[in-house]
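Enquirer: Sequence unavailable; structure follows:
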């Protein structure tokens, strides 16, 4: 019995020592990472940092956290950020976000309020800590931009996992109950013919990056998308629905080239709304309708299958030019 008690005491002391060493490593790792970011020109800081959860967890809490990357123009700040990991599985982290937070972008600041927002991140064991998979969920999200707009989402789910191809990742996104900014809704739907909220937005894609997403991704040149395979995307808003699939190549400036095939339900109504919103010039409306009717087949029925073509920095819907193609790598513009 004495030997058994001694063994239990030794094991308990050993585990306590392991937890203490691990907790100290977590704290030093985070403070060192933030110091490295500041040395690289970032604005990075926090109020307090604490690690608890003995004996089976590493529960890390940072208060008044703020990080800002001048190279990309993106950043984040919030009253706290929490990360939880089992002490025997430290490569699997649960992240909890505060109900009020601010996202900094190259264009503006976006304040987020959420009823619940959390994520799960799994990295591969090893020195590089390469991303294996991650999921994020959020409920009752309200976003307010510093440029004067606001929008909300009832529920959002995002997932990413390492794909078979080198530096490729499968990405899934689903949003339910998306209410756009009132000014945008008024511009797109002045006749109030659509529901207040977009019922569902879904994306299934594979993105190939210029380098892997690992612990070195924030050092030097950031990973940038070089190819995007849209396996399936769909948005449903009342009687309108759009699905898309196709492949795009992305140049170093972030300009996509390629074709996405769209299937549009009630395309005439959608075209009318696009003209009303100024997305399609009114002088081209009649020509666009005739051209899309030909693509829709004899009689120009309510459904349409049409290519969305990205070429030479521009984008067109079938024969209808829409304007400059979006940049998928935003330039730093925030002051």
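Expert: Alright, I've got the coordinates. It should be emphasised that the depicted structure is a prediction, and the values quoted were computed from it without experimental measurement.
Enquirer: Strands of the stretch 1-150 of the chain, residue ranges please.
Expert: 43-45, 49-52, 57-69, 74-86, 89-96, 100-104, 109-123, 131-145, 150-162 (DSSP state E, counting those that start in this stretch).
Enquirer: Next up, the contacts around residue 85.
Expert: 57-58, 60, 91-94 (C-beta atoms under 8 Å, 6 or more residues apart in numbering). Where C-beta positions appear, they are placed from N, C-alpha and C, glycine not excepted.
Enquirer: want to try TSV for the strands of the stretch 1-150 of the chain, with distance to residue 178 as columns?
Expert: TSV is the format used below for the strands of the stretch 1-150 of the chain (distance: least, C-beta to C-beta, whole Å):
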stretch	distance to residue 178
strand 43-45	32
strand 49-52	36
strand 57-69	27
strand 74-86	22
strand 89-96	23
strand 100-104	17
strand 109-123	14
strand 131-145	10
strand 150-162	5
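Enquirer: possible to save those as CSV with distance to residue 179 and mean pLDDT?
Expert: Output for the strands of the stretch 1-150 of the chain, formatted as CSV (distance: least, C-beta to C-beta, whole Å; pLDDT from 0 to 100):
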stretch, distance to residue 179, mean pLDDT
strand 43-45, 33, 91
strand 49-52, 37, 90
strand 57-69, 29, 93
strand 74-86, 23, 94
strand 89-96, 25, 93
strand 100-104, 19, 96
strand 109-123, 14, 96
strand 131-145, 9, 97
strand 150-162, 5, 97
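Enquirer: Tell me how many other residues surround the nearest residue to residue 135 once chain neighbours are set aside.
Expert: In this structure, residue 135 finds its nearest non-sequential neighbour in residue 159, 4.6 Å apart by C-beta to C-beta, 6 or more residues apart in numbering. Residues lying near residue 159 (other C-beta atoms under 10 Å) number 17.
Enquirer: who does residue 159 bridge with?
Expert: For residue 159, the beta-bridge partners are residue 135, residue 172 (DSSP bridges).
Enquirer: could we number from 466 for the rest of this?
Expert: Happy to do that; since the first residue is 466 now, the last one works out to residue 624.
Enquirer: pretty sure it contacts residue 598?
Expert: Yes: checked against C-beta atoms under 8 Å, the pair residue 624 and residue 598 is within contact range at 7.4 Å.
Enquirer: Excluding chain neighbours, give the residue nearest to the residue positioned nearest the centre of the chain in space.
Expert: The centroid of the chain falls nearest to residue 623 when counting by C-alpha atoms, centre = their mean (7.2 Å). Closest residue to residue 623 apart from its sequence neighbours, by C-beta to C-beta, 6+ apart: residue 601 at 4.6 Å.
Enquirer: And for residue 754?
Expert: residue 736 (6.1 Å).
Enquirer: Which other helices and strands does the helix or strand harbouring the one you found contact?
Expert: Element membership of residue 736, judged by DSSP states H and E, is helix 732-741. Helices and strands touching helix 732-741, as assessed by 3 or more C-beta pairs under 8 Å, 6 or more residues apart in numbering; DSSP states H and E, comprise helix 647-653, strand 705-715, helix 750-761, strand 768-776.
Enquirer: Please name every helix or strand in contact with the longest one.
Expert: Other elements packing on helix 750-761 under the criterion 3+ C-beta pairs under 8 Å, 6+ apart are helix 732-741, strand 768-776, strand 785-789.
Enquirer: List the buried residues for that helix?
Expert: 750, 753-754, 756-758, 760-761 (16 or more other C-beta atoms under 10 Å).
Enquirer: Put together CSV for those residues, with pLDDT and distance to residue 693 on each row.
Expert: Listed next are the buried residues of helix 750-761 as CSV, based on pLDDT from 0 to 100; distance: C-beta to C-beta, whole Å:
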residue, pLDDT, distance to residue 693
750, 79, 30
753, 78, 26
754, 81, 30
756, 77, 27
757, 79, 25
758, 80, 30
760, 74, 24
761, 73, 27
